[in-house]
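Visitor: sequence first, predicted model second:
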Amino acid sequence: MKIKTAVIGLGHVNRCLLAILSAKSDRLLRDHGISFDIKMIADSRGVAINADGFNPAELLLRKSAGATTADFVGFRDAVPVESLLGENGIDLIFEASPVDLRTGGPGLRVARAALQQGISVVLANKGPVVLALRELQALAERTGAGLKFSATVCGGLPVINIGRRDMIAGDILRIRGIFNATSNFILDEMATGVSYSDALAEAQRRGIAEANPSLDVDGWDTANKLIIIVNSLLDGDITLADVDVTGISDVSAEMIATEAERGNVIKLVASANRGRFDVAPRILPRTDFLSQCRGWEMGVELHTDIYGKNYYKLWEREPTPTAASMLRDAVHIFVGFQRPTSRSLVG
Ligand SMILES: NC(=O)c1ccc[n+]([C@@H]2O[C@H](COP(=O)([O-])OP(=O)(O)OC[C@H]3O[C@@H](n4cnc5c(N)ncnc54)[C@H](OP(=O)(O)O)[C@@H]3O)[C@@H](O)[C@H]2O)c1
């Protein structure tokens, strides 16, 4: 199956996706009978269309060297992506443009237009999911398009999949988590004497921090992930207005050191419990599961009625696992859930 694909946003996440598509193309064909034919690309400069398909490795190389879509064959100046999808027979969109929590930005416009035309959408961009999940789900249902967004929460951690697919007849009673690797890394680094600004700079260098780091350190990114989890796993319909949000900017090195002497750590924790939703720095005993989420790790606890208490964590230092989640979502849309046939222990 050859999937005509549009890659929207060519930043850290989708460049990792291009690297995966390039490295794993044989494997995807062998295990799942699927290949991704990149017909359309878009960045801040505009959109380019190539009927013969863009080579992902070449795309990655040129984009990493500073090229824009204007430097590629098939550049279309000042034409919105959404107006070009149908006429180019696009089947799937990988959407990873910058998050816009006010209007949804290009991500929401493109997702809407695609789903209306029966084109499947895989999102890493949280904006459309936070602002319009119900609307997008209704559109997808009406046209039969696929809509998946597991990369929007905790990168490679399949928390959305576990909650939606693997807890049949179960209720989730309580959720707690560390959903933002940048703020978690900063707090850990501060505990070892590194300054707040040096730690943030390192997160930015690795492409983990948001383009606007206030989203990370002021708790908004964590709150958005909590909203996505609640609305997609608990059938909630909450917005940012329902979440009490406090970030880490008032947490000082002295506070961290004082708590360390008492056997505690300070973590930015999201919580959904009995209809209350909040994000705030919390003092936790060193033995707490979330205290064990160190540095580049994110973690989530799902307390359920019949599946026990689930504890998951992920180490993600660069956005490759996030990109891999996008690939996983696309494969689930087009071929369903299949066990890979050629997996073995390597390394
Ligand atoms: N980084 C992570 O670890 C991570 C994890 C999970 C989710 N996400 C989400 O994934 C998305 C992308 O993150 P990122 O780290 O890859 O961001 P990024 O490095 O800042 O890249 C954003 C990309 O979007 C392009 N862009 C800007 N405006 C656009 C527009 N109007 N239409 C199409 N493309 C446009 C940019 O173009 P130029 O190349 O021309 O600048 C750039 O290629 C964000 O929504 C983020 O919240 C990120």
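Guide: Great, that's in hand.
Visitor: need the next SSE after the helix or strand where residue 277 lies, C-terminal direction.
Guide: Taking DSSP states H and E as the criterion, the element that holds residue 277 is strand 276-285. From strand 276-285 onward toward the C-terminus, using DSSP H and E, the following helix or strand is strand 297-304.
Visitor: mind giving me the packing neighbours of that following strand?
Guide: helix 159-165, strand 172-178, helix 181-191, strand 309-315 (3 or more C-beta pairs under 8 Å, 6 or more residues apart in numbering; DSSP states H and E). The C-beta positions use only the backbone N, C-alpha and C, and glycine is treated the same way.
Visitor: chain center to it: distance?
Guide: The chain centroid and the centroid of strand 297-304 are separated by 16 Å, computed with C-alpha atoms, centre = their mean, to the nearest Å.
Visitor: in its sheet, what does the strand holding residue 277 sit against?
Guide: If you go by DSSP bridges, strand 276-285 pairs up with strand 243-245 (parallel), strand 264-273 (antiparallel).
Visitor: so residue 49 touches residue 87, yeah?
Guide: No. Taking contacts as C-beta atoms under 8 Å, residue 49 lies outside contact range of residue 87: 9.3 Å.
Visitor: who has more neighbours, these two?
Guide: residue 49 (22 against 8; other C-beta atoms under 10 Å).
Visitor: tell me how far that one lies from residue 167.
Guide: Distance from residue 49 to residue 167, counting by C-beta to C-beta, to the nearest Å: 42 Å.
Visitor: where does this structure dip in pLDDT?
Guide: 340-341, 347 (pLDDT under 70).
Visitor: residues of it that sit close to the ligand?
Guide: 8-13, 42-45, 68, 96-99, 106, 124-126, 151-152, 155, 207-208, 210-211, 319, 322 (C-beta under 6 Å from any ligand atom).
Visitor: which parts of the stretch 1-150 of the chain are strands?
Guide: Ranges of strands in the stretch 1-150 of the chain, per DSSP state E, counting those that start in this stretch, are 2-8, 35-42, 47-54, 75-76, 92-95, 120-123, 147-148.
Visitor: what angle separates the second one from strand 2-8?
Guide: The one in question is strand 35-42. For strand 35-42 against strand 2-8, the angle by axes from the mean of the first three to the mean of the last three C-alpha atoms, to 10 degrees is 30 degrees.
Visitor: may I have strand 35-42 exported as PDB, CA atoms only?
Guide: C-alpha atoms of strand 35-42 as PDB (Å, rounded to 0.1, in the frame of the first residue of the first chain):
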ATOM      1  CA  SER A  35       5.200   2.700   2.200                       C
ATOM      2  CA  PHE A  36       4.900   6.500   2.500                       C
ATOM      3  CA  ASP A  37       5.200   8.500  -0.700                       C
ATOM      4  CA  ILE A  38       5.900  12.100   0.300                       C
ATOM      5  CA  LYS A  39       4.100  14.200  -2.300                       C
ATOM      6  CA  MET A  40       3.800  17.500  -0.300                       C
ATOM      7  CA  ILE A  41       5.900  19.400   2.200                       C
ATOM      8  CA  ALA A  42       5.200  22.600   4.100                       C
END
